[in-house]
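[1] only the shape, not the letters, is given here:
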């Protein structure tokens, strides 16, 4: 099996029966990136968090996200690759946790790779299905600034009276009648984020979200200040570290600073580095339980069997069929040899003169 044959993070209310599996739950952890086995390609991920704590979302170019054992850092790269992107933009890297967290404290010690306009380095919590997120974003427009943001789902009808800038990157989800609403703020920092490793921390619970850089509290959003509509993100999310090119899309070029500089030969490379990540779950007890749990184990086994007999396991299935054919053929040949020998012996016995 070469890829995950199941669905993680989908909404059971809007999915096929038995297609959704429980998300691997949050577990307290500290990652210092001393071993490259902690990161695997997404195509190798079967859904079991015991495989590795991190996956590279870019399946076919592993080198764009890698663990450097000598530096003891996670390196995230982006550079222009017209073949892979087909858009002329930079091809970036995203690394996601294999476990999902609903509330807790999340910190990352990183140095931004946004050394030029157009490049975004980010540390965030994200639900890729629902679109909710809580983030730090560092742009190349000013290395001494950081953007804090969160996306919440709100009923689409409540967006009618909003100004265009309040709906930045807002999208309607078909059938759900919800939109994503962005709430970003920009903060000045003392240090250049591209020259210094800084600790970025998010504290998130049902009552508030807090963003820290070092020990400095930059921003607090309390649910009591928001009102009844939308509220704070309240679904489990993955931790993500990413670098991407926002300078080639008209909608994000101004936000990211300006068009990205790639050089004539496209050799310019932007690199973000992460030396530590710490996760403290609000409820770590669920993460200590075996995944996917007794109810879903049988469904998981059936899904894996189905994967090996479909496109996921075509080669394995073909090889198994060939082996089975030869095994049956050899056994059949041996059987008929015994029958033939028995006939020869019988004929010889009856043909032998009797005294």
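    Arrived safely, thanks for sending. All values reported here derive from a predicted model rather than from experimental measurement.
[2] so where's this structure shaky on pLDDT?
    Applying pLDDT under 70 to the chain picks out residues 1-19, 59-63, 81-90, 156-177, 227-230, 263-267, 294-329, 331-332, 335, 346-355.
[3] quickly list the domain ranges of it.
    With domains defined by automatic domain parsing, the chain comprises 23-285, 311-351.
[4] so of the ones you listed, which one's packed in deepest?
    The highest mean neighbour count among these, using mean count of other Cβ atoms under 10 Å, belongs to domain 23-285: a mean of 18. Backbone N, C-alpha and C define where each C-beta goes, glycine included.
[5] and residue 26, what does it touch?
    Contacts here follow Cβ atoms under 8 Å, 6 or more residues apart in numbering; on that basis residue 26 touches 99-102, 104, 236, 279, 281-284, 286-287.
[6] swap the cut-off to 10 Å and go again
    Residues in contact with residue 26 (Cβ atoms under 10 Å, 6 or more residues apart in numbering) are 97, 99-104, 106, 236-237, 239, 279-287.
[7] keep only those of those residues that are in strands.
    Using DSSP state E, the members of the contacts of residue 26 that fall in strands are 97, 99-101, 104, 106, 237, 239, 279-281.
[8] now render the residues you listed as CSV, adding distance to residue 213.
    Shown next, in CSV, are the ones in strands among the contacts of residue 26 (distance: Cβ to Cβ, whole Å):
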residue, distance to residue 213
97, 21
99, 25
100, 25
101, 21
104, 18
106, 14
237, 20
239, 17
279, 18
280, 18
281, 22
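[9] which one of those sits closest to residue 142?
    Nearest to residue 142 out of the ones in strands among the contacts of residue 26 is residue 106 (Cβ to Cβ; 24.5 Å).
[10] quick check: that closest one touching residue 280?
    Yes - applying Cβ atoms under 10 Å, one finds residue 106 in contact with residue 280, separated by 7.7 Å.
[11] overlap in contacts, those two.
    Listed as contacting both residue 106 and residue 280 by Cβ under 10 Å, 6+ apart are 26, 201, 203.
[12] re the thing from before, now distance to residue 292 too, for the domains of the chain, in JSON lines please.
    Shown next, in JSON lines, are the domains of the chain (distance: least, Cβ to Cβ, whole Å):
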{"stretch": "domain 23-285", "distance to residue 292": "7"}
{"stretch": "domain 311-351", "distance to residue 292": "18"}
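[13] relative to residue 291, which of the ones you listed is closest?
    Closest approach to residue 291 among the domains of the chain (Cβ to Cβ): domain 23-285, 5.1 Å.
[14] and the helices in the stretch 101-250 of the chain?
    For the stretch 101-250 of the chain, the helices defined by DSSP state H, counting those that start in this stretch cover 223-226, 250-256.
[15] could you export these as CSV, including distance to residue 135?
    Converted to CSV, the helices of the stretch 101-250 of the chain look like this (distance: least, Cβ to Cβ, whole Å):
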stretch, distance to residue 135
helix 223-226, 17
helix 250-256, 13
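[16] for residue 145, what are its contacts?
    Taking Cβ under 10 Å, 6+ apart, we find residue 145 in contact with 137-139, 186-189, 193.
[17] can you tell me which of these is nearest residue 77?
    Of all the contacts of residue 145, residue 77 sits closest to residue 138, with 15.3 Å by Cβ to Cβ.
[18] hmm, the closest one is touching residue 121, no?
    Yes - between residue 138 and residue 121 there is a contact under Cβ under 10 Å: 4.5 Å.
[19] overlap of the contact sets of these two?
    Here residue 138 and residue 121 have 110-114, 146, 193-194, 243, 272 as joint contacts, going by Cβ under 10 Å, 6+ apart.
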